[in-house]
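Visitor: coordinates only, sequence not included:
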């Protein structure tokens, strides 16, 4: 066998090892460029152009029977059921209407109070609805794709949430799609504040579906199981006051300097299909406009403390 | 046994390029099904398997170049780093080409054990790149090598039968 291998009757180009070295170097080069610079994003979006419809197709092949089944069962659903559901919804609606009235009252009161306090008023953020198109198939990452992209003015850094709380943020934009990194993605950080005490901290994703971890919290920190964590808005990415997670477990072991605190996300990070995109970034441009006035009116010391 | 296998190979039709292309396309689509949670960890890498099959059976037509291009497509699909899948598939294709005589010497029932190390190496390359770039690792990722190796038997039998089907009429 060896002798036949050593004779080359047909020219077949470079040997496998040479090809492997060539392609391995090429991939390492691409890896390096992709990790360090942003030059390859355009190539990626060009290649994504034929691939994304295929991925959508693959997802719909899988989900379509379920959708048809749902359609069928709602079609067959008896009238009594519908009437019952209708009544329930009506009741719920009256409750919601009452709550909404209350909220409007609170909102006006809040605006007045803010005016009194002369705090920069954060109005409600522009909001868009989007639907999850498909979920990342990489075990290392927690990402989903939604069906709105740069055509609908989605920008990287916008916050994605459902009706309960924060789900993640937009990290990459394609023309008709965008990539959302979930808060449960490994090492994804969200600056938060404990609702009960106002304690500030950063909550990290663990790479697991249902847990987040609160790192570097001293043993003596005032935290209890069941505490709700909301965004603090310090990073400028997440607008303040959005619910993020709830503390589920606290381990205070004196052998370690920090307590081990696990939280679970409040929002259905892995369950939702309809999501809201909020742009918390709109506030950012306002800050430089304010700054010159501040510098003029206040001393250098206060300027330093501001930064 | 050897005789039987070589007889089998005589009956196989030359694989057409469209058939190879179609099988790779189907493998990519299977990889892009919405796998979730534990199923994602247990998901066999269909693309790697198809690639390995063609690299061992048609080593002069399907080589490292095609593996690399397939890897780039997988990279865009998974939004991993450019070259991450490409590198791991290139290594896999190289292993397949290097060992194609050895793998074909074995019966199809014994082949999973032979291809398993190749799959582990290619998975390890992928995980290593991820670890270098992101600094974390997950061990359940390697469960995929087991299921992939188990899938090798049904998959290669299916592909062999698909390549043989037309010649069956001439057999008698």
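Guide: Here it is on my side, so go on. Just so it is clear, the structure is predicted and the values come from calculations on it, not from any experiment.
Visitor: For the rest of this, base every contact and every neighbour count on C-alpha atoms.
Guide: OK.
Visitor: And for whichever residue of the stretch 201-307 of chain A sits closest to chain B, the neighbour number?
Guide: Closest residue of the stretch 201-307 of chain A to chain B, C-alpha to the nearest C-alpha: residue A:209 (7.9 Å). Other residues within reach of residue A:209, judged by other C-alpha atoms under 10 Å in any protein chain shown, total 18.
Visitor: The one 3 residues further on now?
Guide: Counted with other C-alpha under 10 Å, the neighbours of residue A:212 add up to 29.
Visitor: Make sure it is actually in contact with residue A:260.
Guide: No. Taking contacts as C-alpha atoms under 8 Å, residue A:212 lies outside contact range of residue A:260: 11.0 Å.
Visitor: any idea how far residue B:92 is from the spatially most central residue of chain B?
Guide: Closest to where the C-alpha atoms of chain B average out (C-alpha atoms, centre = their mean) is residue B:49, at 1.8 Å. With the distance defined as C-alpha to C-alpha, to the nearest Å, residue B:49 ends up 9 Å from residue B:92.
Visitor: tell me the contacts of the residue of the stretch 201-307 of chain A closest to chain B?
Guide: Contacts here follow C-alpha atoms under 8 Å, 6 or more residues apart in numbering or on different chains; on that basis residue A:209 touches A:142, A:184, A:269, A:270, B:37.
Visitor: most surrounded residue in those residues?
Guide: residue A:184 (28 neighbours).
Visitor: so what's the nearest residue to that residue once chain neighbours are set aside bridging to?
Guide: Take residue A:184 and drop its neighbours on the chain: the residue closest to it by C-alpha to C-alpha, 6 or more residues apart in numbering or on different chains is residue A:205, 4.1 Å away. With DSSP bridges as the criterion, residue A:205 is bridged to residue A:212.
Visitor: Show me what the helix or strand encompassing residue B:25 is packed against.
Guide: Element membership for residue B:25 (DSSP states H and E) is helix B:17-31. Where contact means 3 or more C-alpha pairs under 8 Å, 6 or more residues apart in numbering or on different chains; DSSP states H and E, helix B:17-31 is packed against helix A:41-76, helix B:46-57.
Visitor: Let me know the angle separating the longest one from helix B:17-31.
Guide: So that's helix A:41-76. 70 degrees (axes from the mean of the first three to the mean of the last three C-alpha atoms, to 10 degrees).
Visitor: relative to helix A:41-76, how tilted is whichever helix or strand comes after helix A:41-76?
Guide: Remark: after helix A:41-76, the chain's next helix or strand is helix A:79-117, criterion DSSP H and E. Per the same axes, to 10 degrees, the angle that helix A:79-117 makes with helix A:41-76 is 130 degrees.
Visitor: now check the helix or strand following helix A:79-117, is it near chain B?
Guide: Scanning forward in sequence from helix A:79-117 by DSSP H and E, the next helix or strand is strand A:127-135. Yes. Strand A:127-135 lies within reach of chain B by C-alpha under 8 Å from any C-alpha of the partner chain, at A:134, A:135.
Visitor: which element follows strand A:127-135 toward the C-terminus?
Guide: Of the helices and strands lying after strand A:127-135 in sequence (DSSP H and E), the nearest is strand A:143-146.
Visitor: circling back: would you mind listing the buried residues in the helix holding residue B:25?
Guide: For helix B:17-31, burial by neighbour count (16 or more other C-alpha atoms under 10 Å in any protein chain shown) applies to B:20, B:23, B:24, B:25, B:27, B:28, B:29, B:30, B:31.
Visitor: In JSON lines: those residues, plus pLDDT and distance to residue A:129.
Guide: As requested, these are exported to JSON lines (pLDDT from 0 to 100; distance: C-alpha to C-alpha, whole Å):
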{"residue": "B:20", "pLDDT": "91", "distance to residue A:129": "41"}
{"residue": "B:23", "pLDDT": "93", "distance to residue A:129": "38"}
{"residue": "B:24", "pLDDT": "92", "distance to residue A:129": "36"}
{"residue": "B:25", "pLDDT": "92", "distance to residue A:129": "33"}
{"residue": "B:27", "pLDDT": "92", "distance to residue A:129": "33"}
{"residue": "B:28", "pLDDT": "90", "distance to residue A:129": "30"}
{"residue": "B:29", "pLDDT": "88", "distance to residue A:129": "28"}
{"residue": "B:30", "pLDDT": "88", "distance to residue A:129": "29"}
{"residue": "B:31", "pLDDT": "87", "distance to residue A:129": "28"}
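Visitor: quick check, nearest of those to residue B:105?
Guide: Using C-alpha to C-alpha, residue B:20 comes nearest to residue B:105 of the buried residues of helix B:17-31, at 22.3 Å.
Visitor: what separates the closest one from chain A, distance-wise?
Guide: Distance from residue B:20 to chain A, counting by C-alpha to the nearest C-alpha, to the nearest Å: 18 Å.
Visitor: So which bits of chain A are right by chain B?
Guide: Residues of chain A lying near chain B by C-alpha under 8 Å from any C-alpha: A:12, A:16-17, A:19-20, A:23-24, A:26-28, A:30-31, A:34-35, A:44, A:47-48, A:51-52, A:54-55, A:58-59, A:62, A:134-140, A:209.
Visitor: now those residues: which count as buried?
Guide: Applying 16+ other C-alpha under 10 Å to these flags A:16, A:19-20, A:23-24, A:26-28, A:30-31, A:34, A:44, A:47-48, A:51-52, A:54-55, A:58-59, A:134-140, A:209 as buried.
Visitor: Can you pull out the low-pLDDT segments for chain B?
Guide: B:1-13, B:165-172 (pLDDT under 70).
Visitor: Enumerate the residues of it near chain A.
Guide: So chain B meets chain A at B:29-37, B:40-41, B:60, B:64-65, B:68, B:73, B:76-78, B:81-84, B:86-87, B:90-91, B:94, B:97-98, B:133, B:137-138, B:141 (C-alpha under 8 Å from any C-alpha).
Visitor: go with 6 Å
Guide: Proximity of chain B to chain A, by C-alpha under 6 Å from any C-alpha of the partner chain, involves residues B:29, B:32, B:33, B:34, B:82, B:83, B:87.
Visitor: mind listing what the residue in chain B positioned nearest to chain A touches?
Guide: Among the residues of chain B, residue B:83 lies closest to chain A, at 4.3 Å counting by C-alpha to the nearest C-alpha. Residues near residue B:83 by C-alpha atoms under 6 Å, 6 or more residues apart in numbering or on different chains: A:27, A:30, A:31.
Visitor: contacting residues for the residue in the stretch 1-150 of chain A positioned nearest to chain B?
Guide: Per C-alpha to the nearest C-alpha, residue A:27 is where the stretch 1-150 of chain A lies closest to chain B, at 4.3 Å. When contacts are counted by C-alpha under 6 Å, 6+ apart, residue A:27 touches B:83, B:87.
Visitor: tell me which residues in the helix or strand just after the helix holding residue B:25 are buried?
Guide: Using DSSP H and E, the helix or strand that follows helix B:17-31 in sequence is helix B:37-42. Buried residues in helix B:37-42, counted by 16+ other C-alpha under 10 Å: B:40, B:41, B:42.
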